[in-house]
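Visitor: I'd like to go over a predicted model; first the sequence, then the structure.
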Amino acid sequence: MRRFNMLPHWVFTLLLLLIGHPAVADNSLHGIAMHGTLKYPADFKHFDYVNPEAPKGGRLREASIGTFDSLNPFIIKGTSADGTNLMYDSLLARALDEPFSLYGLLASEIRMDEARSWVEFSLRPEARFSDGTAVTTADVKFTFDTLLDQGSPFFKSYYAGIDKIEVLAPDRVRFSFKGTNRELPLIVGEVPILPQHYWSERDFSKPSLEVPLGSGPYAIERIDPGRTILYQRRDDYWGKDLPVNKGRYNFDQRQFDYYRDSTVALEAFKAGEYDYRSEHASKAWATGYTGAPFDDGRIIKEEIQHQNPRGMQGFIMNTRRAQFASARTRQALTYAFDFEWTNSNLFYNAYTRTHSYFSNSEMAATELPTAAELKILEPVRDQVPPEVFTQVYRAPETDGSGRNRAQLRQALRLLQQDGWTLKDGKLVDQAGKPFRFEILLVQKEFQRVVSPFIRNLERLGIEADIRIVDVSQYINLVRQFDFDMIVYGFGQSSSPGNEQRDYWHSDSADRSGSRNLIGIHNPAVDYLVDQLIAAPDREQLVLRARALDRVLQWNHYVIPHFHISAWRIAYWNTLAHPKVSPKYDIGLDTWWAKP
């Protein structure tokens, strides 16, 4: 097939007809919506949430925590620098004000059948890598072949539904899919496309600080390994005038400076060492953003509401460990986390308790299953907890006083039903082995949340210790599932799909580097994940997400934490952003530096 790429287009097309390749659909699309119709027509000029007249120039400085030793974000080895996505273009670009819609970037036209069993992309002839080489469909095929063969294990799971990739012409490529998976045409369109001519002479599987080649709006200007990386906007960027890029990528430079921890980074921000900060700690937000720069307006503090599902953050139990193998024991441990006291005493009542894996969305299971949802659950009725059909899951609640004796008594009853007994103040199993585990942390600031939880565990006779490690060590331990319990969040989009396989499916449970950190091996969950991915429309997507949510909830895989439905941001007044914020992202690439 590589030899065909040297032939004129008309010869190539004739050969395909002679060998009987399926005909291309007559209609071509400028974008794809996961469900429903696209918001923007084929002749749209720019997204509604950008300022098309935004001035170009200046530098945006941001903070990163930890360090980096690689510029390759696609492999499991090494710790990749932040911002590498700025160097790459994908076939399609996402609209941040639609649940899941993509529009042409490298691709000028899209074709697919009604069942979405295949999709074809036609590339723009002007698309170029930063060395001037044309982006071709050979690069597209090379990208997927390489990621599936040498990339992070995530890619094998996420793109498991791809049957084959065919280069039909230098500017046209076809993806054929296994079974029904309406999301696949979109998610293959989001993959950053790599240059075959660059990587064919290098070992893709090894982390490296050699500056890679891309086709995106920025290129790496300078690196100080582990400390700073600086990206320079390309004046010769081929796609700067496309509708999907209009009003974006306004800064001449994007810089990421690395700090030891969030506390140090916050102080550096207030001292003017960088320009923009997104805050995740409620205490810091309530007490740390004070002083002269805030009083005189040099630093602006904002909360911007959004419509993003918040997913599930919590204490994640590794079910590969014997002490967490039983759902009843896992349920017992949820009673030891006193959210109401924690929210009042540590978080200034800033948070809402999380009960769902799809919190802050219509996909959350907040009522008893409807008849339509029961139809989805019926095939796995005998494989799921009976509460799935009879109760609405709610994480345990307290009165917030800190005296949660009733909850701890309930926890002890559940533990005793599982064969645990109190002996001399220690909880032991039938063999006399004490219940002991370690909570692995990478953010020392989270100790104040974990410590009260540990005190409650001690009242149950359980010994839990905190272990804090640096970022690189943490990443390696988590990739190998070498932990008992961690604090982790499973993020969700407004259109969940193939990533659910990497979160919960048995196929990913024993694959190092997957996000099935819990170690779920559950045929009912597998079935519902597959059903969710195959949802034919938005209504079924919502129903199937709720069904999956219930089964995950009642298996007690996590101890749910909390969430907030707003971005908490602060920035120096040298920056500006559009009046309209996108619904599903902060849209930092639409900001600009004031002249």
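Guide: Right, received. Where do you want to start?
Visitor: Can you identify each of the helices in the stretch 451-595 of the chain by residue range?
Guide: 471-479, 499-504, 523-533, 538-554 (DSSP state H, counting those that start in this stretch).
Visitor: With respect to Asp203, which of those helices lies nearest?
Guide: helix 471-479 (19.7 Å; C-beta to C-beta). Every residue, glycine included, has its C-beta placed from N, CA and C.
Visitor: residues making contact with that closest one?
Guide: With contacts defined as C-beta atoms under 8 Å, 6 or more residues apart in numbering, helix 471-479 is touched by 65-67, 69, 76, 79, 440, 442, 469, 483, 486, 488, 512-513, 517.
Visitor: Make a ChimeraX selection of whichever of those turn out to be buried.
Guide: Entered in ChimeraX, the line below selects the buried ones among the contacts of helix 471-479, by 16 or more other C-beta atoms under 10 Å:
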select :66,67,76,79,440,442,483,486,488,513,517
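Visitor: In strands only, show me the contacts of helix 471-479.
Guide: Counting by DSSP state E, the contacts of helix 471-479 place 65, 440, 486, 488 in strands.
Visitor: okay, who's weakest in the residues you listed by pLDDT?
Guide: In terms of pLDDT, Ile65 ranks lowest among the ones in strands among the contacts of helix 471-479, with 92.
Visitor: give me the beta-bridge partners of it?
Guide: Beta bridges link Ile65 to Tyr259, judged by DSSP bridges.
Visitor: Do I have it right that it meets Tyr258?
Guide: Yes: shown here, Ile65 and Tyr258 form a contact pair, counting by C-beta atoms under 8 Å, at 7.1 Å.
Visitor: for the stretch 1-150 of the chain, what spans make up the strands?
Guide: For the stretch 1-150 of the chain, the strands defined by DSSP state E, counting those that start in this stretch occupy 31-33, 59-65, 92-94, 101-104, 107-112, 118-123.
Visitor: From the centre of this structure, point out the most distant residue.
Guide: Residue farthest from the centre of the chain, counting by C-alpha atoms, centre = their mean, is Asp424 at 44.9 Å.
Visitor: any idea how far Gly461 is from that one?
Guide: 9 Å (C-beta to C-beta, to the nearest Å).
Visitor: ok, now Asp171?
Guide: Using C-beta to C-beta, Asp171 is found at 67 Å from Gly461.
Visitor: Ok, Tyr231 next?
Guide: Remark: distance between Tyr231 and Gly461 (C-beta to C-beta) = 53 Å.
Visitor: now Ile229
Guide: In terms of C-beta to C-beta, Ile229 sits 48 Å off from Gly461.
Visitor: go on, Lys594?
Guide: In this view, Lys594 and Gly461 are 60 Å apart by C-beta to C-beta.
Visitor: Can you pick out the residue with more neighbours from those two?
Guide: Taking neighbours as other C-beta atoms under 10 Å, Lys594 and Gly461 compare with Gly461 leading, 19 against 11.
Visitor: Test my guess that that one contacts Leu422.
Guide: Yes: the pair Gly461 / Leu422 is scored as a contact, 5.1 Å apart, by C-beta under 8 Å.
Visitor: Name the residues contacting each of those two.
Guide: Residues touching both Gly461 and Leu422 (C-beta under 8 Å, 6+ apart) are Val428.
Visitor: pLDDT wise, what is Ser472 at?
Guide: 87.
Visitor: go on, Asp537?
Guide: 88.
Visitor: Ramachandran coordinates for it?
Guide: Main-chain torsions, Asp537, degrees, to the nearest 10: phi -150, psi 180.
Visitor: what's the burial count for Arg479?
Guide: 16.
Visitor: wait, Asp113
Guide: Other residues lying near Asp113 total 12 when counted by other C-beta under 10 Å.
Visitor: Over to Gly489?
Guide: The local packing of Gly489 (other C-beta under 10 Å) involves 15 other residues.
Visitor: Name the residues linked to it by a beta bridge.
Guide: What pairs with Gly489, by the bridge criterion (DSSP bridges), is Gln313.
Visitor: okay, how far is it across stretch 428-444, tip to tip?
Guide: Terminal residues of stretch 428-444 lie 30 Å apart, using C-alpha to C-alpha, to the nearest Å.
Visitor: Identify each buried residue in that stretch, please.
Guide: The neighbour-count check on stretch 428-444 (16+ other C-beta under 10 Å) flags 428-429, 435, 437, 439-443 as buried.
Visitor: Domain-wise, how is this structure divided?
Guide: 3-36+50-199, 262-307+565-588+591-595, 312-563 (automatic domain parsing).
Visitor: Ok, which of those comes nearest Pro212?
Guide: Of all the domains of the chain, domain 3-36+50-199 comes closest under C-beta to C-beta, at 5.7 Å.
Visitor: Just the buried positions in stretch 29-48, please.
Guide: By neighbour count with 16+ other C-beta under 10 Å, stretch 29-48 contains the buried residues 29-35, 38, 40, 44, 46-47.
Visitor: dump the residue contacts of the nearest residue to Tyr258 once chain neighbours are set aside.
Guide: Leaving out its chain neighbours, the residue that sits closest to Tyr258 by C-beta to C-beta, 6 or more residues apart in numbering is Ser64, at 4.9 Å. With contacts taken as C-beta under 8 Å, 6+ apart, Ser64 has the following neighbours: 81-82, 256-259.
Visitor: And Arg328, by the same measure?
Guide: Under the criterion of C-beta under 8 Å, 6+ apart, the neighbours of Arg328 are 414-415, 417-418, 556.
Visitor: Surely it is in a helix?
Guide: Yes: looking at Arg328 with DSSP: H, G, I helix; E, B strand; the rest coil, it is inside a helix.
Visitor: Please report how far it lies from Arg321.
Guide: From Arg328 to Arg321 the distance is 15 Å (C-beta to C-beta).
Visitor: wait, which of the strands of the stretch 1-150 of the chain is closest to Asn345?
Guide: strand 59-65 (25.4 Å).
Visitor: Tell me the buried residues in stretch 196-208?
Guide: Buried residues in stretch 196-208, counted by 16+ other C-beta under 10 Å: 196, 199, 204, 207-208.
Visitor: Can you get me a residue count around Ala332?
Guide: With neighbours defined by other C-beta under 10 Å, the count for Ala332 comes to 25.
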